[in-house]
Every structure is written in structure tokens, then in C-alpha cells.
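S.K.: Quick one, what's the 3D model for this:
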Amino acid sequence: MITEIREAMLLNTLVFETLGEPQKEREFKIKALKKWGFDLIVGKKNGESTYFMAKEGKKSGQKYEEEGVSYEVQEVLKELPKNKKIFAHIEMIEGRAYLCVDLREEENIEILRLPAGEILLAFLKKHKFIKVIEALRNLGSAASLVKHHGEEGRPLSFEELPPVPRRFLRDAKKIEKEMGFGRIALAYFGENKEDKARYWMEWMVPTIALFDEHISQKIDKTLVELA
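M.R.: Numbering: from 1, shown residues only. Purely as a prediction, here's the structure:
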């Protein structure tokens, strides 16, 4: 049987959704690759001239091998080749999220395919988005952020919410609108005897959006509002 507290949470948790599919792909500038710890390179892959991404530190003329594939670095690019753009998306392979990056003009060249979690955590740590790291629970095409504090109880209605959780919801909904997708659930139980907030929060956001420094910074600052 469902407990009284669980029933109260089920019936009274506040949910705000920006419906639709999680963002399928997102365009990035070449400087975003640097922020992830990678360079865009023109060179040879298994002897064929192409573009690819590699972890920072590679030099012109360097040859190396990774997972049975040989690479030769001809030039580490500082700017995008003319008329080309970078797009990234998340693909799910046997329950694991992969970051796939394409260099696109008329043709599409895949320049990276690696587990998304490893790159995302390194990126978040590098830029000190600590609250996002602490809240991150799992990654799919959407990422789940969870935060809670104190004992559960009967959630307050929206009209009963104090200013802090109201501000949090307002700011979170603005970010959801900017991303085009999101689902935030908040059960706010009031304060304990030490005047500390008691709540349970879950926020789903497009995983690919977290690779955007602008978006991750906004989410990090918004999570700070829930002490």
C-alpha cells in the first residue's frame, strides 16, 4: 500500500513541462570543442585525408593510434573551414549515451563519437559547474538532475510557496523555454526547526544542452537557489 506521505507527494508535487522531444542536435562553435578539451584537426585517418577531433595537445606532423585506428595530424585548426558548421547530438547505444559530433556542409563528416558522460563531467569540472555535477543522476537523450534536502512531508501548493522556491521555478521555466524541452518536478515541504528548506526536486533537461557553457552556467546558478 502507498504510504500517506507518498500519496501526498504524488498528488501535490508541482510539475512544469516544456513538452516535445529532447533537442536532437545543437550547433556549436569551434571554441566549444576547446571547452570540452578537444581540437579540430585536418589530417589523415587510416591513410585517408579527412577532419577529426582529438584531445588537446596534438601537434602538426604527429602520428598516433587509438583503438586500432591510425591518425596523422597535418594541422590543428583555429577556425572552422569555410562554409562548414559543427553539430552535435546524443545517440543511445545499449543503454549508454554517446556524444556524436559532425562537421557539415553539403556532406556530413563524423569527427567524434565517444561516451557522453566522460566528456560532460570533464567539461563541468573544468568550468566548476559544481551544482550540476552534484545533481546529475543519469544521461540519455535527456539528463536527470535530482536534488533533495530534509524529511519528506506534504508538499505545499504553488500559492503557499515562499519566495525562494518560487524564484527557482521561475528561473527554471525560463531555461526550459530557451532549451525547447524540459520537465521540472518540485515537492516543497516547508522548513524544519532550524529554518532549513525541505524539498525534493527532479529536473530533466536535454543532455546535448549541457555541453553548452551558457546553458550549464544558467542551470548551475539556478540550482544554487535551492540551498
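
S.K.: Next up, the contacts around residue 50.
M.R.: When contacts are counted by CB atoms under 8 Å, 6 or more residues apart in numbering, residue 50 is found next to 42, 43, 44, 109. For the C-beta atoms, the positions are set from N, CA and C on the backbone; glycine is no exception.

S.K.: hmm, try it at 10 Å
M.R.: Residue 50 is in contact with 41, 42, 43, 44, 71, 103, 109, 110, 111, counting by CB atoms under 10 Å, 6 or more residues apart in numbering.

S.K.: right, and the helix or strand after the helix or strand harbouring it?
M.R.: When elements are assigned from DSSP states H and E, residue 50 belongs to strand 48-55. Next in sequence after strand 48-55, counting helices and strands by DSSP H and E, comes strand 63-66.

S.K.: So what touches stretch 65-73?
M.R.: By CB under 10 Å, 6+ apart, the surrounding residues in contact with stretch 65-73 are 39, 41-47, 49-50, 52, 54-55, 58-64.

S.K.: What residues sit buried inside that stretch?
M.R.: 71, 72, 73 (16 or more other CB atoms under 10 Å).

S.K.: Quote the end-to-end distance of that stretch.
M.R.: One end of stretch 65-73 to the other measures 11 Å (CA to CA, to the nearest Å).

S.K.: next one: stretch 176-192
M.R.: OK, stretch 176-192 end separation, CA to CA: 30 Å.

S.K.: Buried residues of it, list them for me.
M.R.: Within stretch 176-192, the residues that count as buried by 16+ other CB under 10 Å are 176, 179, 181, 182, 183, 184, 185, 186, 187, 188, 189, 190.

S.K.: so how far is that stretch from its chain's centroid?
M.R.: Between the mean C-alpha location of stretch 176-192 and the chain-wide mean there is a distance of 16 Å, by CA atoms, centre = their mean, to the nearest Å.

S.K.: How about stretch 133-149?
M.R.: Going by CA atoms, centre = their mean, the spacing between the C-alpha centre of stretch 133-149 and its chain's C-alpha centre is 9 Å.

S.K.: re earlier: give me the subset of the buried residues of stretch 176-192 lying in helices.
M.R.: In helices, judged by DSSP state H, the following of the buried residues of stretch 176-192 are found: 176, 179.

S.K.: ok, the buried residues of stretch 176-192 vs residue 155, which is closest?
M.R.: The shortest distance between residue 155 and any of the buried residues of stretch 176-192, using CB to CB, involves residue 187 and amounts to 4.0 Å.

S.K.: Can you tell me how far the closest one is from residue 223?
M.R.: To residue 223, residue 187 is 16 Å away according to CB to CB, to the nearest Å.

S.K.: Show me this structure divided up by domain.
M.R.: When the chain is parsed with automatic domain parsing, its domains come out as 4-24+125-224, 25-120.

S.K.: any chance of those domains in JSON lines, plus mean pLDDT?
M.R.: Putting those into JSON lines (pLDDT from 0 to 100) gives the following:
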{"stretch": "domain 4-24+125-224", "mean pLDDT": "91"}
{"stretch": "domain 25-120", "mean pLDDT": "94"}
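
S.K.: All set, thanks.
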